[in-house]
Structure formats: C-alpha cells, structure tokens
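*Asks:* Can you look at this prediction? I've put the sequence above it.
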Amino acid sequence: MLTSMTETPEKSPSEPPKRPDRHERDDSTDLERDTIALPSHVAGSGTLDRLVDTARDYARQAASENTLKAYAKDWSHFARWCRMRGADPLPSSAQLIGLYITDLAAPGGKTPSQSASRPLSVASIERRLSGLAWGYAQRGERLDRKDRHIASVLAGIRRKHARPPTQKEAILPEDLRDMLATLPHDLRGLRDRAILLIGFAGGLRRSEIVSLDHGKDDTPDSGGWVEILEDGVLLTLRGKTGWREVEIARGSSDQTCPVHALTQWLHYARIDFGPLFVAVSRNGLKATDERLSDKHVARLIKSCAREAGRRPDLPEKDRIALFSGHSLRAGLASSAEVDERYVQKQLGHASAEMTRRYQRRRDRFRVNLTKAAGL
C-alpha cells in the first residue's frame, strides 16, 4: 500500500539534472551574503568575520525553511512576470505591483470565466504580497502595501473574489482507527502509526511532527524534543507562536495509544538520539538517520484515507484532495469532548476563534445568548 511513498526514490540515469534559470533560482543565500556583512569602512578581523557568520546563521532562523522557500518562489514568479512584460522588478514600484496582483486575480485582464489561465485565490494573492515584501526587504527596498495602487486594487479583489476558506476534512477517531488498520506490521508501519497517533493526539502541524528530536538540542535543525514519562509524553515545541509544551497522555488501548505507538517505534528502530521520525532503508529492516520531510506526513494521511475508504461518495481525486496534514489537528479539535480552552492550548492557538475554525462538528447553540438576554 505504501510502495508509492518510498523515502529514497532512484533517479533515472538517462535524465540529466535540470539547471535552474539564473533569474529563477533561490538566491536567499546570496542575499544573506550581500545584506549581512561588515560595513565597507570597517576593516575585517577574525572576530568580526565570525560574528558575521553567526549573524547569517541567526538570519536563516528568522523564518521557517518552508516559509523562506515559498517567499523565494514568490519573488522568482514576480521577477519572471516582469521580464516577460519588459519591466524590471527593481526598484520597488507600487504601480507595477498593483498590475501584478490584478493579473493574478484576472489573468490577461480577463474575468476568471474568460481566461484560460487559472486565477489565484485572494489568500494566495495576499501570500504572494508577503513574499514580495520579504524579497524587497532582502534587497534593501521597501514595499508599501498601504500605497493606493496596491491597497485599493487588493480591496477590490477581496470584495469581488473573496470566498470563505476551503477547509480540509477532519480525521475523526473512527476514521483514524480505519486508517491505522491499513498500515502493515513492519518497521515503516510502526513509524507511520506513531506519526498519525502523535499528530492527532498532539494536534500537531505536519512540520512540528517531523521536526521533533529524541532529546533536547540533538540536532541543529530541531524544532522540539520529546520526553517519555510514566503517564504520557511531553513535547516541547517551537511553533509559529513560540515555544510551548504539549502533553499527550496514554490512550485506553495499545492499538490507539500514541505513547505505546511511539515507544514501539523507538524500540524497534533503535532510536535514542537525533530526529524522531526518519526514513527506513529500502529493505525495510533498518531506520536511517535521515529526517523525514513534512511532505511524508501529507502523503501518509492522503494514502491511508484513500485505503480506508473515507468519503466513498466522491471520486478518488476529490477524496484525496479533502485530506491534508491539518486533518489531524481538525480531528482533535472536532472530537475532544472537553472545555474549549484545553483544545486551544493543545493546538497552540492565540485565540478561541482560531480554535473554532478547526472544529468541524460542535454544538453551535449550546450557549443560548438569546434566552439568556430574556427573549
């Protein structure tokens, strides 16, 4: 079932490596070198050079790797768009940005129904603007999103095209049990059971799952670590809102207990140091030291949901698109029958309103303010 999810696929020797266009490459490293350096009037020294290197290391930690990759792609797309129209992305031009986001919303100046190209959603356009703001900042420029050429166009795009966000399907406990049943009883199966159960019970993002280490500061790219205690597992995570602790207690049976699944994986994979979830060798008998990508979590959820027969009323393509890494977080938020503030804390949300967005099923009128007001 999981043959399509092999962690180390071979590349065909007949396919030469594709050389990226110099205008479209990820130049974030070059930018760091250019923007984080000694002032021209200061003479270099061993101490100052080491400080520059350390400052560049800190700069690389300013945002997650996925965010930086997305921002670099946003800039590359904009730069390519400019070149195709005989324009230059530098210096910053609010008028040009306004035309760019117009083309994203209505490609070629046509309405979505008239255009052959697919327009971007409002959320995607706003993400592109964030990427461009980052790109200009790295080049010593400033993008003023409040400029009328940008703000007024974006406001019109929002008013005309904005739609409620499409939410991914929640994986509920009964769904999760069916998905676990599709996994084989080998080393990969042990690992993937632990991923699904820890991700669900912890309400974790897929990036948080794969960033975990066995112990504190085991690896430089660690996003947190685990401590296995008598009553459960304590996760210390560096998430979007800063550091937080996530408590995962033991379940009612070994088949669905996240703590049992994790300890079984660690025991048979012989992991006592470094990344918690790693790739497995091709013969399936040994755990490697290669940390899994967060894409593995997304593929695992989609594959297991398909094999478990979730939403059989839809075509397979549509069924697979319904599920993602956020399906685990939404599943916990939708099924935990506890006070809302405990779910909010587990998911690391700053507000209860954000937690409610993840709740696919809840008693919306449990608190009747109409009657409480005397009506």
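*Replies:* Cool, got the structure. What you see is a predicted model; the values in this text were computed from it and never measured.
*Asks:* where exactly do the strands run in the stretch 151-300 of the chain?
*Replies:* Taking DSSP state E, counting those that start in this stretch, the strands of the stretch 151-300 of the chain run over residues 212-213, 224-228, 232-239, 242-249, 278-280, 287-291.
*Asks:* other SSEs contacting the longest helix seen in the chain?
*Replies:* Looking across the chain with DSSP state H, the single longest helix is helix 65-84. In terms of contacts (3 or more CB pairs under 8 Å, 6 or more residues apart in numbering; DSSP states H and E), helix 65-84 is packed against helix 94-105, helix 122-138. For glycine as for every other residue, the C-beta is placed from the backbone atoms N, C-alpha and C.
*Asks:* Out of the ones you listed, flag the one nearest residue 195.
*Replies:* helix 122-138 (26.9 Å; CB to CB).
*Asks:* check which helix or strand covers residue 314.
*Replies:* Using DSSP states H and E, no element contains residue 314; it sits outside every helix and strand.
*Asks:* Just give me the neighbour total for residue 63.
*Replies:* 13 (other CB atoms under 10 Å).
*Asks:* Kindly apply the preceding question to residue 168 instead.
*Replies:* 19.
*Asks:* Same check on the one 5 residues further on?
*Replies:* Taking other CB under 10 Å as the criterion, the count of residues near residue 173 is 14.
*Asks:* so what's it up against?
*Replies:* 256, 331, 335 (CB atoms under 8 Å, 6 or more residues apart in numbering).
*Asks:* ok, the second one touching residue 177?
*Replies:* Spelled out, it's residue 331. No: in this structure, residue 331 is not within contact of residue 177 by CB atoms under 8 Å, at 11.6 Å.
*Asks:* got any ranges where the stretch 101-250 of the chain has weak pLDDT?
*Replies:* Applying pLDDT under 70 to the stretch 101-250 of the chain flags residues 109-116, 165, 239-241.
*Asks:* swap the cut-off to 80 and go again
*Replies:* By pLDDT under 80, the low-scoring segments of the stretch 101-250 of the chain are 108-117, 162-168, 239-242.
*Asks:* which of the strands of the stretch 151-300 of the chain sits most buried?
*Replies:* Of all the strands of the stretch 151-300 of the chain, strand 212-213 carries the top mean neighbour count, a mean of 22, counting by mean count of other CB atoms under 10 Å.
*Asks:* Make a markdown table from the helices and strands packed on helix 65-84 and add distance to residue 325 to it.
*Replies:* Converted to a markdown table, the helices and strands packed on helix 65-84 look like this (distance: least, CB to CB, whole Å):
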| stretch | distance to residue 325 |
| --- | --- |
| helix 94-105 | 25 |
| helix 122-138 | 17 |
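*Asks:* quick one: which of those helices is nearest residue 145?
*Replies:* Between the helices and strands packed on helix 65-84, helix 122-138 lies closest to residue 145; by CB to CB that is 6.2 Å.
*Asks:* what angle do that closest one and helix 94-105 make?
*Replies:* Counting by axes from the mean of the first three to the mean of the last three CA atoms, to 10 degrees, helix 122-138 lies at 150 degrees to helix 94-105.
*Asks:* outside of helix 122-138, which residues touch it?
*Replies:* Contact partners of helix 122-138, identified using CB under 8 Å, 6+ apart, comprise 28, 31, 35, 70-75, 77-78, 92, 97, 101, 104-105, 120, 142-143, 145, 150, 154, 157-158, 161-163, 165.
*Asks:* Apply 7 Å and report the result again.
*Replies:* 31, 35, 70-71, 74-75, 78, 92, 97, 101, 104-105, 142-143, 145, 157-158, 161-162, 165 (CB atoms under 7 Å, 6 or more residues apart in numbering).
*Asks:* can you check stretch 314-329 too?
*Replies:* 168-171, 199-200, 203-206, 294, 297-298, 301-302, 305-306, 310-311, 347, 358.
*Asks:* Would you mind checking these for buried ones?
*Replies:* 168-171, 199-200, 203-206, 294, 297-298, 301-302, 305-306, 310-311, 347, 358 (16 or more other CB atoms under 10 Å).
*Asks:* Filter the contacts of helix 122-138 down to the buried ones, ChimeraX style.
*Replies:* This is how ChimeraX selects the buried members of these, with burial counted by 16+ other CB under 10 Å:
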select :31,70,71,74,75,78,92,97,101,104,105,143,157
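*Asks:* pLDDT of stretch 340-357, averaged?
*Replies:* Here stretch 340-357 scores 75 as its mean pLDDT.
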